[in-house]
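> Got a predicted structure here, sequence first:
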Amino acid sequence: MKPEEMGGIRLLLVEDSPADVYLVQEAMRREGLHFCLEVADNGETAIQILNRVDADTKEPPPVLLMVDLNVPRKDGSEVVNRLRHSPRCGTIPVIMISSSDSPRDRRRAIDLGVTEYFLKPSGLAEFMSLGKMVRRLVTSFSTAA
């Protein structure tokens, strides 16, 4: 069953800032994406979600992971590492969202197999570009699957 048939594109967002969760949702709405967003406000909860999806083959896996690099309990790198070892979710695209423009953080994201690195901008218009990135990745993933 395609994500669109389940009431929208199933996305997993790992973000501890309610304001940033709202901005992500707004970026996708403005892009016209129909989505079902599951939000984990820390890395430990995100890993529990991935474990649940791996254990229950009837539960559809997300088609995209968006993860803030700096979330509590387990950071975004640990979440991506767990995802890449998932039998059901290991190949999905990942957007690492971060306020850090550090070359070290970007290199770590690349080493983990992150698909895109989205630097949190200071302006609303720039943040809304995230919707276009999500559309591009979901479309690419859907046609490849």
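Okay, I see it. Numbering: from 1, shown residues only.
> Please pull out the lowest mean pLDDT helix or strand from the protein.
Counting by mean pLDDT, DSSP states H and E, the chain has its least confident helix or strand at helix 124-144, which shows a mean of 85.
> Which secondary structure elements does that helix sit against?
On a contact count with 3 or more CB pairs under 8 Å, 6 or more residues apart in numbering; DSSP states H and E, helix 124-144 meets helix 18-30, strand 64-68, strand 94-98, strand 116-119. Glycine gets a C-beta too; all of them are placed from N, C-alpha and C.
> got the buried residues for the last one?
This means strand 116-119. Residues 116, 117, 118 are the ones in strand 116-119 that count as buried (16 or more other CB atoms under 10 Å).
> follow-up on the earlier one: deepest in the core, which of the helices and strands packed on helix 124-144 is it.
Greatest average neighbour count among the helices and strands packed on helix 124-144 goes to strand 64-68 (a mean of 26), per mean count of other CB atoms under 10 Å.
> after it, next one along is what?
Per DSSP states H and E, strand 64-68 leads on to helix 76-84 as the next helix or strand towards the C-terminus.
> between the helices and strands packed on helix 124-144, which gets nearest to residue 11?
strand 64-68 (5.0 Å; CB to CB).
> ok so, going back, relative to strand 64-68, how tilted is the least confident helix or strand of the chain?
Here the directions of helix 124-144 and strand 64-68 differ by 150 degrees (axes from the mean of the first three to the mean of the last three CA atoms, to 10 degrees).
> C-alpha coordinates for helix 124-144, PDB please?
The C-alpha trace of helix 124-144 is given here as PDB (Å, rounded to 0.1, in the frame of the first residue of the first chain):
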ATOM      1  CA  LEU A 124      10.500  32.100   7.700                       C
ATOM      2  CA  ALA A 125      10.800  32.100   3.900                       C
ATOM      3  CA  GLU A 126      14.100  30.100   4.000                       C
ATOM      4  CA  PHE A 127      12.500  27.600   6.500                       C
ATOM      5  CA  MET A 128       9.600  27.000   4.100                       C
ATOM      6  CA  SER A 129      12.100  25.700   1.500                       C
ATOM      7  CA  LEU A 130      12.100  22.500   3.600                       C
ATOM      8  CA  GLY A 131       8.800  21.600   2.000                       C
ATOM      9  CA  LYS A 132      10.300  21.500  -1.500                       C
ATOM     10  CA  MET A 133      13.200  19.300  -0.100                       C
ATOM     11  CA  VAL A 134      10.600  16.900   1.400                       C
ATOM     12  CA  ARG A 135       8.700  16.700  -1.800                       C
ATOM     13  CA  ARG A 136      11.800  16.000  -3.900                       C
ATOM     14  CA  LEU A 137      13.000  13.200  -1.500                       C
ATOM     15  CA  VAL A 138       9.600  11.600  -1.100                       C
ATOM     16  CA  THR A 139       9.100  11.600  -4.900                       C
ATOM     17  CA  SER A 140      12.500  10.100  -5.500                       C
ATOM     18  CA  PHE A 141      12.000   7.400  -2.800                       C
ATOM     19  CA  SER A 142       8.500   6.500  -4.100                       C
ATOM     20  CA  THR A 143       9.700   6.000  -7.700                       C
ATOM     21  CA  ALA A 144      12.700   4.000  -6.500                       C
END
